[in-house]
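In: A structural model of the following input is requested.
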Amino acid sequence: MHGAIDLGARQSAARKQQERRAQGGGGASAGAAGGQYVVDVTDQTFNTEVVERSQSVPVLVDFWAEWCGPCKQLGPILEKLATEAAGKWILAKVDVDANPQLAAYMQQMGVQGIPFVAAVVAGQLLPFLNGAAPEPQVRQAIDQLFEALRKEGILPDAPEGEQPADALDAAGAPTADPVYQQAEDAIQRGDLDGAKAAFEAVLASAPGDAQAKQGLALVELSLRVRSLDAEGAVQEAAAKPGDVQAQISAADVEMVSGGPERAFDRLLTAVRGMAGDDRDAARKHLLSLFEILPPDDPRVAKARRSLQSALF
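Out: Predicted coordinates for the structure are as follows:
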């Protein structure tokens, strides 16, 4: 497939490492992170748990870290969907802080941040998702991925009489609003402007749609940061504490790098220390960042309380 990376060379090297460990009496192991369909993978077990296993069943690899806020949003969604799939695919979780070889390999692929999800099928790695997303979008993206693999003959067709997964929702009913499909298709193509327009179309007809609000907030954040120099933005904010735009840009960088608390605290400091239009700009941007996380996220609740105290 276009964009696939052949893991043969890595598999060969890993096999030699395993042979050396076996000669020395060592072994590799993997621990379950959420049942038999979710496994923790390390530098040592990646070959067995992912590359070799992918010859018989697709494996989605979730690259995450404990400090990464969006990872904590995406991880439980992936674990839930893996459990629902009941063995149709396996979720392998890689803590990038604890596994430097795999973290370096991810960076060699050009991946700049986490959460990042790759699909490994028949020994080939396919970059799949970069960044967090609401459950409906993640579910739909996975269904579309496997349907595309079936069409290319990489996965077997669905049994006769069984509808493709992407035609059904979790309850077995037809999938909802096709505009969500347009948004997800645009995201998969890298067309963030198209995804933004699709989510805006949903909100035009259903202004209270929480999933569309979250999707739009994530896309808008991605659009803002793609032209930023992350390190430079944070340095500029430190050098210009009274520049509201510098604080906003740094907060965006912190948000995508897994530091929502830092982003919230930065903008709360701006709200407390600024006045007039600058203060209002910081407040509005903080509210827009709240939309990226689930409304019941304790970090959002805490920041909302702090914002109320800063304003009144």
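
In: any regions of this protein where pLDDT drops low?
Out: The model of the chain has pLDDT under 70 over residues 1-35, 152-180, 188, 258, 312.

In: let's see 80
Out: 1-36, 105-112, 122-124, 149-181, 183-190, 208-211, 256-259, 294-297, 311-312 (pLDDT under 80).

In: now do the strands in it.
Out: Counting by DSSP state E, one finds strands in the chain at the ranges 5-6, 38-40, 59-64, 90-95, 116-121, 124-130.

In: which of those strands sits closest to P260?
Out: Proximity to P260, assessed across these by C-beta to C-beta, is greatest for strand 59-64 (14.9 Å). Bear in mind the C-beta positions are built from the backbone N, C-alpha and C, glycine included.

In: now the angle from that closest one to strand 124-130?
Out: Going by axes from the mean of the first three to the mean of the last three C-alpha atoms, to 10 degrees, strand 59-64 is angled at 50 degrees with respect to strand 124-130.

In: wait, R283 sits on V271?
Out: Yes - using C-beta atoms under 8 Å, R283 is in contact with V271, at 5.3 Å.

In: residues that sit against both of those two, list them.
Out: The contact sets of R283 and V271 overlap at L307, L311 (C-beta atoms under 8 Å, 6 or more residues apart in numbering).

In: so between the two, which is more surrounded?
Out: Neighbours were tallied for R283 and for V271 using other C-beta atoms under 10 Å; the higher tally belongs to V271 (22 against 18).

In: list the contacts of that one.
Out: Counting by C-beta under 8 Å, 6+ apart, V271 has contacts R279, A282, R283, L286, L307, A310, L311.

In: repeat that for 10 Å
Out: Residues touching V271, when contacts are defined by C-beta atoms under 10 Å, 6 or more residues apart in numbering, comprise 244, 247, 278-283, 285-286, 306-307, 310-311.

In: same check, this time on R304
Out: Taking C-beta under 10 Å, 6+ apart, we find R304 in contact with F264, L286, L287, F290, P295.

In: how near is the closest residue to the fourth one other than its chain neighbours to M274?
Out: Among residues not flanking F290 along the chain, V300 sits closest, at 5.1 Å (C-beta to C-beta, 6 or more residues apart in numbering). From V300 across to M274, the span is 22 Å (C-beta to C-beta, to the nearest Å).

In: right, so of the strands of the chain, which gets closest to Q137?
Out: Comparing the strands of the chain by C-beta to C-beta, strand 124-130 comes nearest, at 9.2 Å.

In: count of residues packed around T42?
Out: Using other C-beta under 10 Å as the criterion, T42 is surrounded by 17 other residues.
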